[in-house]
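Asks: okay, sequence plus prediction incoming.
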Amino acid sequence: MTNDVNQKQTGRRDFLKTTSLIAGGLMATPLMSGANYFSGADDVIKIALIGCGGRGTGAATQALSTKQNVQLVAMADAFKNRLDDSYNNILEALEDKKSRVQVKEENKFIGFDAYKKAMALADVVILATPPGFRPIHFEEAINQNKHVFMEKPVATDPAGIQRVLAAAEKAKAQKRNVVVGLQRRYQTSYRELMKRVQDGAIGDITSAQAWWNNDGVWVHPRQAGWTEMEYQMRNWYYFVWLCGDHITEQHIHNLDVINWAKNAYPVRAQGMGGREVRVGKDYGEIFDHHFVEFHYADGTILNSQCRHQKGTMSKVDELLIGTKGKVFCDAASIKDNKGGLIYQFDKKNENQPYQNEHDELFDAIAKGEYKFWDAERGAKSTMTSILGRMATYSGQMIEWDKAINSGISIMPSTFSFDAMPPVQPDTNGMYAAAIPGVTKYFA
Ligand SMILES: NC(=O)c1ccc[n+]([C@@H]2O[C@H](COP(=O)([O-])OP(=O)(O)OC[C@H]3O[C@@H](n4cnc5c(N)ncnc54)[C@H](O)[C@@H]3O)[C@@H](O)[C@H]2O)c1
């Protein structure tokens, strides 16, 4: 079906060019009015999973659990053990849909170049490696004319953001659906809150707060026999080129919510942060806390905090403060400025946003609709988090325009397990972290 899918959709592109429905990219665009795109016996939508870790396994399982006739036909990972575990875990999770896993041994690809071969076999690709690789993988997926589900963040540096933005334009021109795993955008409570914000329930937003404070995540200590590249790839969370630091890897969710509510992105940021508790050679080079003041063009200030320190207060949430009231996102409520309840979302009606991302994506693909173009906003919310990181690492006010156009790249130039990654340990196995006041991005 793969070539067929692309052929049919390409064939409709001329029609699409003339339809006013797509003006501004605001409406679902039927590629074939009323008809089910994947109909009849040959209605299989083939998927390839790139990055077979925890989230990739979950995302593939969710794609295979949609109503459409989705089949997993190829998998790619840097490491064989991760791919094998994922394959087994997907099969186990699927229960009555196990027949949807159709990955022949020769279609399990290992290594840095594995993604290209796996993508070629599919209609839709799931990108779930550490985010440093996302620009390379997304660009290739769009060059191969695939629909995409890609996890957040979508890059770790400004050069990667530009690459994603360029591929996003191409995806739009080719009418490829792209969903980014910022799942609050697919969550019923958030959608209900945002609808009311956009209808003026709290007046103009003048400030906001965002939190991702908790204990932190897993660590994979170095093992004998690993090269430096293998070590950093296995323990990727603690290396900025792979992960982006936790302000990018996790706090992006909260920053994206504020950008969504503002329908804008910050123009500058300044902040503070450091490594205070989570130190030691297993923890690479990332900070364990960041506090950033983001400025929007209209004067709105977002105070954002994220912390990975065991034993401290946990809070993952967003607060919007407007001229007429406030939105408490986690509580899913809206109150006026005297504390009176304006709206309370009934949490009994909450959906499963991780599943819904795939339900909506595969429904659109099966109907031949062009409905999702999340890549640009995913890139700009990723850039918001990178802006914050540049502010905390340097201790300077960082301008959005200067940062996004800086061309700064922190990725290696060569990908192989014998190649040297961009950061190296000292003789004690310790990595240099950024030092506010010393670390500089601009002359
Ligand atoms: N939306 C969410 O709530 C959510 C939740 C968890 C993770 N994520 C995102 O999903 C992504 C993956 O996170 P995870 O928790 O699954 O990590 P993970 O370590 O469990 O999985 C990553 C996988 O990618 C593989 N990989 C690394 N480099 C590769 C390459 N160049 N080519 C192919 N495979 C490669 C690794 O070997 C590993 O199997 C991250 O971007 C993370 O931020 C999103």
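Replies: Cool, got the structure.

Asks: just the pLDDT for the closest residue to Gln174 other than its chain neighbours.
Replies: Distance criterion C-beta to C-beta, 6 or more residues apart in numbering; nearest residue to Gln174, sequence neighbours excluded, is Asn145 at 5.8 Å. C-betas here are computed from N, CA, C, even on glycine. Per-residue pLDDT puts Asn145 at 98.

Asks: where do the helices sit along the stretch 201-350 of the chain?
Replies: Ranges of helices within the stretch 201-350 of the chain are 228-234, 240-243, 246-249, 252-262, based on DSSP state H, counting those that start in this stretch.

Asks: right, so those: which one is the most enclosed?
Replies: For the helices of the stretch 201-350 of the chain, the largest average neighbour count (mean count of other C-beta atoms under 10 Å) is found in helix 246-249, namely a mean of 27.

Asks: other SSEs contacting it?
Replies: strand 289-295, strand 301-308, helix 375-394 (3 or more C-beta pairs under 8 Å, 6 or more residues apart in numbering; DSSP states H and E).

Asks: neighbouring contacts of that helix?
Replies: Residues from elsewhere that reach helix 246-249 (C-beta atoms under 8 Å, 6 or more residues apart in numbering): 131, 153, 156, 212, 216-217, 237, 243, 273, 286-287, 290, 292, 306, 308, 382, 385-386, 388-389, 392.

Asks: quick one, which of those are buried?
Replies: Buried subset of the contacts of helix 246-249 (neighbour count, 16 or more other C-beta atoms under 10 Å): 131, 153, 156, 212, 216, 237, 243, 273, 286-287, 290, 292, 306, 308, 382, 385-386, 388-389, 392.

Asks: re the thing from before, and the ligand, which of the contacts of helix 246-249 contact it?
Replies: Counting by C-beta under 6 Å from any ligand atom, Pro131 from those sit close to the ligand.

Asks: related to what we said a few turns ago, would you mind finding the most buried of the helices and strands packed on helix 246-249?
Replies: With a mean of 26, the top stretch among those by mean neighbour count (mean count of other C-beta under 10 Å) is helix 375-394.

Asks: residue of the chain closest to the ligand, please.
Replies: Closest residue of the chain to the ligand, C-beta to the nearest ligand atom: Gly53 (1.7 Å).

Asks: quick one: secondary structure of the nearest residue to that residue once chain neighbours are set aside?
Replies: With sequence-adjacent residues excluded and distances taken as C-beta to C-beta, 6+ apart, Gly53 is closest to Arg82, at 5.9 Å. Recorded secondary structure, Arg82: helix (DSSP: H, G, I helix; E, B strand; the rest coil).

Asks: can I assume Arg82 is in contact with Leu49?
Replies: No: applying C-beta atoms under 8 Å, one finds Arg82 not in contact with Leu49, separated by 10.9 Å.

Asks: between those two, point out the one with more neighbours.
Replies: More crowded of Arg82 and Leu49, by other C-beta atoms under 10 Å: Leu49, with 31 against 19.

Asks: what residues are up against the more buried one?
Replies: Counted by C-beta under 8 Å, 6+ apart, Leu49 has contacts 56-57, 59-60, 72, 74-76, 86, 118, 125-126, 128.
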